[in-house]
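Peer 1: Below is the structure, and that's it, no one-letter string:
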């Protein structure tokens, strides 16, 4: 049995901001995973005030977003704002936070990638939603 892979990052956003998720998803030997390697990709978001219950998305009652496995490819690209290195990413997804994430709160976005050969992988994104002050 393989243990789950977990990658973690943190971002600051403003309420309603689009969140672009870019990642290089590879197996333990560094081989890129493609859409055919995934049986499902899903996103859940948890408010740190209640870290065991996923929030309702876009007014609810849904608490999960199904992401097309085609968002993962077996080719690297540096487009879309990738700045980590010059090799690039093979997964991209844009999440419109709309009214889901409110100012002054902290969240964890769990991108759950289920594969047939490599088990379940998680990308955890710590999200700090900044307060917007009016003058």
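Peer 2: Received, thanks. The structure displayed is predicted, hence computed values, not measured ones. Numbering: from 1, shown residues only.

Peer 1: When you work out contacts or count neighbours from here on, use the C-alpha atoms and nothing else.
Peer 2: Will do.

Peer 1: quick one, what contacts the nearest residue to residue 38 once chain neighbours are set aside?
Peer 2: Of all residues not flanking residue 38 in the chain, residue 115 sits nearest, at 4.4 Å (Cα to Cα, 6 or more residues apart in numbering). Residues in contact with residue 115, defined by Cα atoms under 8 Å, 6 or more residues apart in numbering, are 37, 38, 39, 40, 121.

Peer 1: now residue 94
Peer 2: Residue 94 neighbours (Cα under 8 Å, 6+ apart): 18, 19, 20, 21.

Peer 1: returning to what we had before: mind checking which of the contacts of residue 115 land in strands?
Peer 2: 38, 39, 40, 121 (DSSP state E).

Peer 1: Quick one, which of these are buried?
Peer 2: 38, 40, 121 (16 or more other Cα atoms under 10 Å).

Peer 1: what would those residues look like in a markdown table with pLDDT and distance to residue 25?
Peer 2: Listed next are those as a markdown table, based on pLDDT from 0 to 100; distance: Cα to Cα, whole Å:
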| residue | pLDDT | distance to residue 25 |
| --- | --- | --- |
| 38 | 96 | 11 |
| 40 | 97 | 14 |
| 121 | 92 | 9 |
